[in-house]
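J.: Any chance you can model this:
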Amino acid sequence: MRTEIRLVEGYSPGVIGRIAEMHAVYYAREWGLGAFLEAKIAREAAGFIDRYDPDTDLLLLALSNEAIAGSIIVDLNDPASSDVDGGDCGAHIRWFILDDAIRGTGVGRQMMQRAVAHIDRFAGGKAWLTTFAGLDAARRLYEDFGFRLADERQDNTWGDPVHEQLYLRG
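T.: Numbering: from 1, shown residues only. As a prediction, this is how the structure comes out:
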């Protein structure tokens with residue numbers, strides 16, 4: 001059976017759980033991160049959905065045969081943005097992940113293109129995201145879209161010590 005992948009904007013039932021699940025599975029397998037990370041993502045994703053404004057925020061999903069197989073969020077109303085880079089850092093890119101089955105298909109690049117177009121339109125090109133050292137394919141993609149590493153430090157934000165990185169754009 002041919003896998004059809006479509007990109008769709010907006011809330012879809014199960015999105016909070018699926019975003020948390022994709023992150024939990026990937027980061028447990030690849031980085032040994034556990035329940036702390038999954039719970040953190042579920043809490044923060046639920047908080048985003050509570051304040052989600054479809055007129056300004058972007059909730060972009062990749063559907064593979066109608067199942068959620070990827071996500072990227074452009075959060076223009078994240079309260080944490082006031083604490084980053086003097087508070088004038090723009091939109092927050094969050095929960096960018098693809099299911100194993102669609103990695104390497106170009107879908108991630110398409111999703112990032114849509115996210116950056118949204119950032120250009122609604123945040124004057126300014127955006128930020130956090131990740132950690134070692135996620136080299138993601139880092140290259142971020143850099144391809146104009147993000148630059150602004151800070152790196154040892155942190156427990158992900159549940160275990162990692163070299164957390166802050167990337168800024170614009």
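J.: just so I have it, where are all the helices in the chain?
T.: In the chain, the segments counted as helices under DSSP state H are 15-31, 35-51, 107-122, 136-144.
J.: Just the buried positions in the third one, please.
T.: Using 16 or more other Cβ atoms under 10 Å as the burial criterion, the residues of helix 107-122 that qualify are 107, 108, 111, 112, 114, 115, 116, 118, 119, 120, 122. C-beta: built from backbone N, CA, C; applies to glycine.
J.: Repeat that for the first one.
T.: Of the residues in helix 15-31, those with enough neighbours to count as buried (16+ other Cβ under 10 Å) are 15, 16, 18, 19, 20, 21, 22, 23, 24, 26, 27, 31.
J.: Any chance of those in CSV with pLDDT and distance to residue 76 as columns?
T.: Below are the buried residues of helix 15-31 laid out as CSV (pLDDT from 0 to 100; distance: Cβ to Cβ, whole Å):
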residue, pLDDT, distance to residue 76
15, 97, 18
16, 97, 19
18, 97, 22
19, 97, 18
20, 97, 22
21, 97, 25
22, 97, 23
23, 96, 21
24, 96, 26
26, 96, 26
27, 94, 26
31, 92, 29
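J.: pLDDT for the buried residues of helix 107-122 - can I get that in TSV?
T.: Output for the buried residues of helix 107-122, formatted as TSV (pLDDT from 0 to 100):
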residue	pLDDT
107	96
108	96
111	98
112	98
114	98
115	98
116	98
118	98
119	97
120	97
122	95
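J.: ok, back up a step: let me know which of the helices of the chain is the nearest to residue 82.
T.: Using Cβ to Cβ as the measure, helix 35-51 is the one of those that comes nearest residue 82, at 14.3 Å.
J.: Average pLDDT for that closest one, rounded please.
T.: Helix 35-51 comes out with an average pLDDT of 96.
J.: Return the set of buried residues in it.
T.: Buried residues in helix 35-51 (16+ other Cβ under 10 Å): 37, 38, 40, 41, 42, 44, 45, 48.
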